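Colleague: Sequence and computational prediction follow.
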Amino acid sequence: MYRRSTTVKYVLAAIVGAVMYCEWFIYLVQPQYWTEMECTNDHDRSCTKILFIADPQIQGEEAVERPLSTIFNWDSDRFLKSTFRVAVDYFKPDVLVYLGDLMDEGSISTFQQFHGYVERLADIFVWNYPAVQVWLPGDNDIGGEHELVHRSRVEEFEKTFSQQKVITYSNVSFYVVNAITYTFPDKTDEPPGAEHNFKIAVSHYPITMRVMFAQNIMKKINPQIFFCAHDHESKYVKQHKDLTHKVTTWFNAPKSTLNINFDDDSLYEIYVPTCSYRMGTSFIGFGAAILENNFKSMRYTVFWSPTRFPYLYFYLGILVALLVYGLVFCVAQLFFRRFRLSKKKSDMSPLLERI
């Protein structure tokens, strides 16, 4: 009995240690695998830190039946909250740009469900210091890929995430481009002095591959760089400013840094990877950019998040092992009790025969 009790204690201790590693320690050590992103000159007033959050796609209420949906949503929300908190604490961004597909079922939800998803987003993306936010709609928020775009969805999104079409921080202007509806800000949407700022066009859908639309944006806005999401992949497209000679480069290596000089004739569109482990890729994380040197250069990297499914499979394995152990233990106890009962009866039979 003592040996069995000791074994159970060791097993429980191992399980508790594994859970602490999967749910706490893995996030603590993750920044060790990230590129250090700080302003190279403390006196550079143009230095601006930008964190890009792409395709969180929090799961809705329709994909999986309860109670599994409650468990799945709780785990994916907690993962997003944990990884986001680590990235924000490490980077301390000045601007947070949410590149759309904030929720998985926003385009098909009721307005009541939509606002429930918004409350979950507010609980996930939390930080404790002043920062500017930029919110973009994706096709899973307002439609556009598998569903029609309804004006009521667009209006509800814009009402909920109320903001200007051009958001300015210091001398940097973020132009909210909607490549789903093919709309973008015009001169009347710009705050005073924005035409002299450093201009970043942000969109959920890629822009420069839609050549005529991109040419119109270059003519009317002339942004220095584009950022997009949607593909769930980390890469960038380098091209001439006339949108020719496109070269796509994957950007998945740990601690990789893209150095961009805005003095040359190149134009970049950077695809930010998804930050959700549910999107079918192990390359998940948050894009991080630093503008500096009087807005003449930018450094960009990805703060990669840990994978999640291996740990979920580990939990599943533990659960199966415990269920098997419990079943075997119960069956063994049943047989042992029957054996003792039959043995007791056989020991009594001679006495019964004598009576």
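Modeller: Nice, I can see it.
Colleague: CA only for contacts and neighbour counts going forward, please
Modeller: Will do.
Colleague: Quick check: which element contains Thr249?
Modeller: strand 247-250 (DSSP states H and E).
Colleague: before we move on, what about Val16?
Modeller: Val16 is part of helix 2-20 when elements are defined by DSSP H and E.
Colleague: quick revisit: helices or strands next to the strand holding Thr249 in the packing?
Modeller: For strand 247-250, the elements it packs on are strand 235-240, judged by 3 or more C-alpha pairs under 8 Å, 6 or more residues apart in numbering; DSSP states H and E.
Colleague: Walk me through which strands the strand it packs on pairs with, and which way each runs.
Modeller: strand 247-250 (antiparallel), strand 266-271 (antiparallel) (DSSP bridges).
Colleague: Parallel or antiparallel, list what pairs with the helix or strand following the strand holding Thr249.
Modeller: Note on strand 247-250: by DSSP H and E, the next helix or strand toward the C-terminus is strand 258-261. Strand 258-261 pairs in its sheet with strand 297-304 (antiparallel), by DSSP bridges.
Colleague: Return the strand it pairs with as PDB; C-alpha atoms alone will do.
Modeller: In PDB, the C-alpha atoms belonging to strand 297-304 read as follows (Å, rounded to 0.1, in the frame of the first residue of the first chain):
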ATOM      1  CA  SER A 297      14.300  53.300 -41.800                       C
ATOM      2  CA  MET A 298      12.300  50.600 -40.200                       C
ATOM      3  CA  ARG A 299      13.100  47.300 -38.500                       C
ATOM      4  CA  TYR A 300      10.500  44.500 -38.600                       C
ATOM      5  CA  THR A 301      10.400  41.100 -36.900                       C
ATOM      6  CA  VAL A 302       7.900  38.600 -35.600                       C
ATOM      7  CA  PHE A 303       7.500  37.700 -31.900                       C
ATOM      8  CA  TRP A 304       6.800  34.000 -32.400                       C
END
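Colleague: Checking the residue nearest the centre of the chain next. Helix, strand or coil?
Modeller: The residue lying closest to the centre of the chain (C-alpha atoms, centre = their mean) is Cys275, at 2.1 Å. Following DSSP: H, G, I helix; E, B strand; the rest coil, Cys275 is assigned to coil.
Colleague: re earlier: compare the strands paired with strand 235-240 and give me the one nearest Pro93.
Modeller: With distances scored as C-alpha to C-alpha, the stretch of the strands paired with strand 235-240 nearest to Pro93 is strand 266-271 (18.0 Å).
Colleague: looking only at pLDDT, what's the mean for that closest one?
Modeller: Averaged across strand 266-271, pLDDT comes to 97.
Colleague: List the neighbouring strands of the helix or strand following that strand plus their orientation.
Modeller: Counting by DSSP H and E, the next helix or strand C-terminal to strand 266-271 is strand 285-292. Here strand 285-292 has these sheet partners by DSSP bridges: strand 48-53 (antiparallel), strand 297-304 (antiparallel).
Colleague: And Glu38, how far from Cys47?
Modeller: Glu38 sits 9 Å away from Cys47, going by C-alpha to C-alpha, to the nearest Å.
Colleague: what residues are shared contacts of those two?
Modeller: Ile290 (C-alpha atoms under 8 Å, 6 or more residues apart in numbering).
Colleague: nearest residue to Ile124 other than its sequence neighbours?
Modeller: Lys81 (4.6 Å; C-alpha to C-alpha, 6 or more residues apart in numbering).
Colleague: List the contacts of that neighbour.
Modeller: Contacts for Lys81 were tallied using C-alpha under 8 Å, 6+ apart; they are 123-126.
Colleague: got a pLDDT number for it?
Modeller: Value for Lys81, per-residue pLDDT: 95.
Colleague: Can you list the buried residues in the helix or strand encompassing it?
Modeller: Assigned by DSSP H and E, Lys81 belongs to helix 68-91. For helix 68-91, the neighbour count (16 or more other C-alpha atoms under 10 Å) marks 69, 73, 76-77, 79-88, 91 as buried.
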